[in-house]
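**Student:** Based on what follows, work out the 3D shape:
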Amino acid sequence: MNALRLVRPHLKNPVYAVLGNHDSLRMVPDFETMGIRVLLNESVEIERGGEAIYLAGIDDPHYFRTDNMEKAAEGIPSDAVSVLLAHSPEIYRQAAHAGFSVMLCGHTHGGQIWPFGYLVRVAVPFVAGRFQRGSAQLYVSRGTGFWGPPMRLFAPAEITEHVLCS
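**Tutor:** Numbers count the residues shown, from 1 in each chain. Below is the predicted model of the structure:
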């Protein structure tokens, strides 16, 4: 949490987050104290200049399996632009089927250490980068962290900025 406290003053409101497979509901109050709203199987409407998009977030579908896409999509008009935040990309097909325009996630660390990245691709075909299914787009960030050994090989860390344009 200390790293988040240092970064938060530079972020513009509103700031949203979802929990990952190493996170706990006990973290939510600290996030909220910092002004970060954690989306727990819910969505918010973001309006600017008379136009709106919907941002939805689901709980971690990989480890805790407490994700509820139907609940997160409640109230989102079928013709609206909607962005789904999820920790893991494994539910991308369901998100596309549910009508989400874009899904943003991470979890895979881009494979982290090649050739182990190949094994990750066997389990989850969406390891890093941009993917398209019909009109639904997916972006899987390699992120900045790691799992297991503190190293990355042929899977460089990244912080991605997505700019939404009409």
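**Student:** can you pull the contacts of Ile46?
**Tutor:** 14, 52-55 (Cβ atoms under 8 Å, 6 or more residues apart in numbering). Any C-beta I mention is one placed from the backbone N, CA and C, and that applies to glycine too.
**Student:** same question, Arg48
**Tutor:** Contacts here follow Cβ under 8 Å, 6+ apart; on that basis Arg48 touches nothing.
**Student:** pLDDT at it, what is it?
**Tutor:** The model reports Arg48 with a pLDDT of 86.
**Student:** Now do the SS call for Ala72.
**Tutor:** State at Ala72, reduced to three classes by DSSP: H, G, I helix; E, B strand; the rest coil: helix.
**Student:** how about the nearest residue to it, chain neighbours excluded?
**Tutor:** Ala56 (4.2 Å; Cβ to Cβ, 6 or more residues apart in numbering).
**Student:** so who does that neighbour touch?
**Tutor:** Ala56 touches 39, 42-44, 72-73, 76, 82-85, 100, counting by Cβ under 8 Å, 6+ apart.
**Student:** List the beta-bridge partners for it.
**Tutor:** Counting by DSSP bridges, Ala56 is bridged to Ser43, Leu84.
**Student:** so Leu19 makes contact with Met27?
**Tutor:** Yes: using Cβ atoms under 8 Å, Leu19 makes contact with Met27 at a distance of 7.0 Å.
**Student:** Name the residues contacting each of the two.
**Tutor:** With Cβ under 8 Å, 6+ apart, Leu19 and Met27 have common neighbours Val38.
**Student:** Dump stretch 64-74 to PDB, keeping only the CA atoms.
**Tutor:** Taking C-alpha atoms only, stretch 64-74 is exported to PDB below (Å, rounded to 0.1, in the frame of the first residue of the first chain):
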ATOM      1  CA  PHE A  64     -11.300 -16.600  -6.100                       C
ATOM      2  CA  ARG A  65     -13.900 -17.300  -8.900                       C
ATOM      3  CA  THR A  66     -16.200 -14.700  -7.400                       C
ATOM      4  CA  ASP A  67     -16.700 -12.900 -10.700                       C
ATOM      5  CA  ASN A  68     -20.300 -12.100 -11.800                       C
ATOM      6  CA  MET A  69     -20.300 -10.600 -15.300                       C
ATOM      7  CA  GLU A  70     -24.100 -10.400 -15.400                       C
ATOM      8  CA  LYS A  71     -24.200  -8.300 -12.200                       C
ATOM      9  CA  ALA A  72     -21.400  -6.100 -13.500                       C
ATOM     10  CA  ALA A  73     -23.200  -5.500 -16.800                       C
ATOM     11  CA  GLU A  74     -26.600  -4.700 -15.100                       C
END
